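Novice: Next comes the sequence, and after it the predicted model I'd like to discuss.
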Amino acid sequence: MRKFKKSTWMPLALLVYTTAMAIYFLPKNSEISDTEKWTTFGASYVIIGLLWYVLRLKEKRMEKRSREIEDTYNKN
């Protein structure tokens, strides 16, 4: 079984969850304006995108650091 990176599965799960909640709740909610609904929905996608970006950077730094440690260990 293939192991997925955290930067892939976590934002994907949040994207599916956010989309499902928006599809279910946005049409039923008449207490707030359409602009506020779509702004909230858009902001959620922006936050998920930022999460994906930050997790990717973190994974790249961890991979680089582990390669440096491995290279240092192999030189000695």
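Specialist: Yes, it's here. Not measured: the values here are computed from a predicted model.

Novice: Quick one: neighbours of Trp9, just the number.
Specialist: 12 (other CB atoms under 10 Å). All C-beta atoms are positioned from the backbone trio N, CA, C, and that covers glycine.

Novice: any idea how far it lies from Glu36?
Specialist: Per CB to CB, to the nearest Å, Trp9 is found 30 Å from Glu36.

Novice: go on, Thr19?
Specialist: Distance from Thr19 to Glu36, by CB to CB: 18 Å.

Novice: Between the two, point out the one with more neighbours.
Specialist: Thr19 (14 against 11).

Novice: I'd like to know how far Met21 sits from Lys37.
Specialist: Taken as CB to CB, the span from Met21 to Lys37 is 12 Å.

Novice: list the contacts for the residue nearest in space to the middle of the chain?
Specialist: By CA atoms, centre = their mean, the mean C-alpha position of the chain lies nearest to Pro11, the distance being 2.8 Å. Contact analysis of Pro11 by CB atoms under 8 Å, 6 or more residues apart in numbering lists 48-49, 51-52, 55.

Novice: how does it look with 10 Å?
Specialist: Pro11 sits next to 47-56 when contact means CB atoms under 10 Å, 6 or more residues apart in numbering.

Novice: what's the model's confidence in the helix or strand hosting Trp38, averaged?
Specialist: Here Trp38, judged by DSSP states H and E, is contained in helix 34-75. Averaging pLDDT along helix 34-75 yields 91.

Novice: Who are the packing partners of it?
Specialist: helix 6-25 (3 or more CB pairs under 10 Å, 6 or more residues apart in numbering; DSSP states H and E).

Novice: Now do the helix it packs on against helix 34-75, angle only.
Specialist: Here helix 6-25 runs at an angle of 170 degrees relative to helix 34-75 (axes from the mean of the first three to the mean of the last three CA atoms, to 10 degrees).

Novice: Which of the helices or strands spans Ser30?
Specialist: Of the helices and strands defined by DSSP H and E, none includes Ser30.

Novice: how close does it get to Glu36?
Specialist: Ser30 is 12 Å from Glu36, by CB to CB.
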